[in-house]
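A.B. asks: Okay, sequence plus prediction incoming.
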Amino acid sequence: MTALDTQPHPSGTLDHDGLALGADVGGSSIKIGVVNRHSGQIVGSTVKVTTPKPATPEAVVAAIKGAAEKLGWTGPVGVAVPAVVRAGRTHSAANIDPSWIGADIEALCRQELHPDSVVVNDADAAGIAEVRLGAGREVRGTCLLLTLGTGIGSALFTNGVLVANTELGHLRIDGDSAEKSTSASAKVRDGLSYPDWAARLQHYLEYVTKVLTPDVLIFGGGISADADLWVPLLDLPVEIRVAQLRNDAGLVGAALAVPHR
């Protein structure tokens with residue numbers, strides 16, 4: 001495990017009242033930090049560790065455990081993973097080791113991290129953070145968050161209630177998975193200008209908004225930092241917003257998913 005940004009808590013341990021640890025598992029790194037579940041603020045410094053190779057469930061949980069120890073944390077942990085999560089098991093493996101498919105990851109986290117630990121899909125975690133504390137706060141009706149990055153993650157909410165594991169990046173558009181041609185990584189791979197990429201995105205979003213008719217559409221992912229360069233190029237019958245928590249949304253949302261006791 002390679003720590004890229006590590007600062008232990010000065011007291012060695014943390015008071016768990018109103019706090020939870022969030023861990024956002026990515027293909028190249030895992031971002032971990034303690035979150036105030038009332039305000040959504042990250043308490044102190046975050047720890048960023050390199051995602052193990054191979055990124056098996058056991059190796060990833062061990063990396064999170066090591067980071068928690070560096071932060072002096074022994075309480076509940078919320079883990080956001082790039083996979084469909086149902087009843088504590090992962091049923092897909094996007095940009096992570098295939099051994100995640102069918103893994104009882106929540107049981108592993110509860111055994112190795114804390115008995116109250118939970119596991120959620122990474123896009124759902126980002127959506128939880130944005131709906132409770134960010135761009136989707138107090139939205140009535142249907143709110144859809146799309147994270148545009150290596151793939152396309154999605155989180156769908158109706159009156160603030162999550163409809164989990166929507167996986168809208170895997171919709172087939174023109175005979176292929178939408179994220180292969182429309183993700184932010186596809187823009188880089190194909191050397192597209194923002195207008196050319198926005199045209200692809202428009203095509204995909206016309207289909208999504210026709211099927212789901214969201215009231216608010218929120219864009220997240222790293223490319224949302226340049227939203228002023230491409231959002232104005234879209235023409236959709238929906239209110240468009242840009243995610244507010246940016247790259248911290250997954251970490252914060254994972255912590256917010258931990259149940260209050």
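C.D. replies: On my side now, so go ahead.
A.B. asks: In this protein, where's the longest helix?
C.D. replies: Under DSSP state H, the helix in the chain containing the largest number of residues is helix 194-212.
A.B. asks: The helix or strand following that one pairs with which strands, parallel or anti?
C.D. replies: Sequence-wise, the next helix or strand downstream of helix 194-212 (DSSP states H and E) is strand 216-220. Here strand 216-220 has these sheet partners by DSSP bridges: strand 142-148 (parallel), strand 239-242 (parallel).
A.B. asks: Render the CA-only coordinates of the following helix or strand past the first one in CSV, please.
C.D. replies: Counting by DSSP H and E, the next helix or strand C-terminal to strand 142-148 is strand 152-158. Presented in CSV, the C-alpha positions along strand 152-158 are these (Å, rounded to 0.1, in the frame of the first residue of the first chain):
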residue,chain,number,x,y,z
ILE,A,152,-20.6,6.7,-17.1
GLY,A,153,-22.0,6.2,-13.6
SER,A,154,-25.6,7.0,-12.8
ALA,A,155,-27.7,7.6,-9.7
LEU,A,156,-31.5,8.0,-9.8
PHE,A,157,-33.6,9.6,-7.1
THR,A,158,-37.3,10.1,-6.7
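A.B. asks: ok, and for strand 152-158, which residues are buried?
C.D. replies: For strand 152-158, burial by neighbour count (16 or more other C-beta atoms under 10 Å) applies to I152, G153, S154, A155, L156, F157. (Glycine included, C-beta is placed from N, CA and C.)
A.B. asks: still on that earlier bit, of all the strands paired with strand 216-220, which lies closest to A255?
C.D. replies: In terms of C-beta to C-beta, the element of these nearest to A255 is strand 142-148, at 17.2 Å.
A.B. asks: The closest one to helix 194-212, inter-axis angle?
C.D. replies: Strand 142-148 runs at 150 degrees relative to helix 194-212, counting by axes from the mean of the first three to the mean of the last three C-alpha atoms, to 10 degrees.
A.B. asks: now strand 142-148, how far from the chain's geometric center?
C.D. replies: 11 Å (C-alpha atoms, centre = their mean, to the nearest Å).
A.B. asks: Could I get the average pLDDT for that strand?
C.D. replies: Computed over strand 142-148, the mean pLDDT rounds to 97.
A.B. asks: picking that back up, pull out the buried positions in the longest helix of the chain.
C.D. replies: Y194, W197, A198, R200, L201, Y204, L205, V208, L212.
A.B. asks: show me what contacts the residue nearest to D104 when sequence neighbours are not counted?
C.D. replies: Spatially, and ignoring its direct neighbours in sequence, D104 is nearest to R89 (5.3 Å; C-beta to C-beta, 6 or more residues apart in numbering). By C-beta atoms under 8 Å, 6 or more residues apart in numbering, the residues touching R89 are G102, A103, D104, I105, E106.
A.B. asks: Could you count how many residues lie near the third one?
C.D. replies: Put plainly, it is D104. 15 (other C-beta atoms under 10 Å).
A.B. asks: Name the spans of the protein whose pLDDT lies under the cut-off.
C.D. replies: 1-16, 261 (pLDDT under 70).
A.B. asks: quick one, strands of it?
C.D. replies: 19-25, 29-36, 42-50, 77-81, 85-86, 89-90, 118-121, 142-148, 152-158, 161-163, 172-173, 176-177, 216-220, 239-242 (DSSP state E).
A.B. asks: Pick the most deeply packed of those.
C.D. replies: Mean neighbours per residue, mean count of other C-beta atoms under 10 Å, is largest over the strands of the chain for strand 77-81, with a mean of 30.
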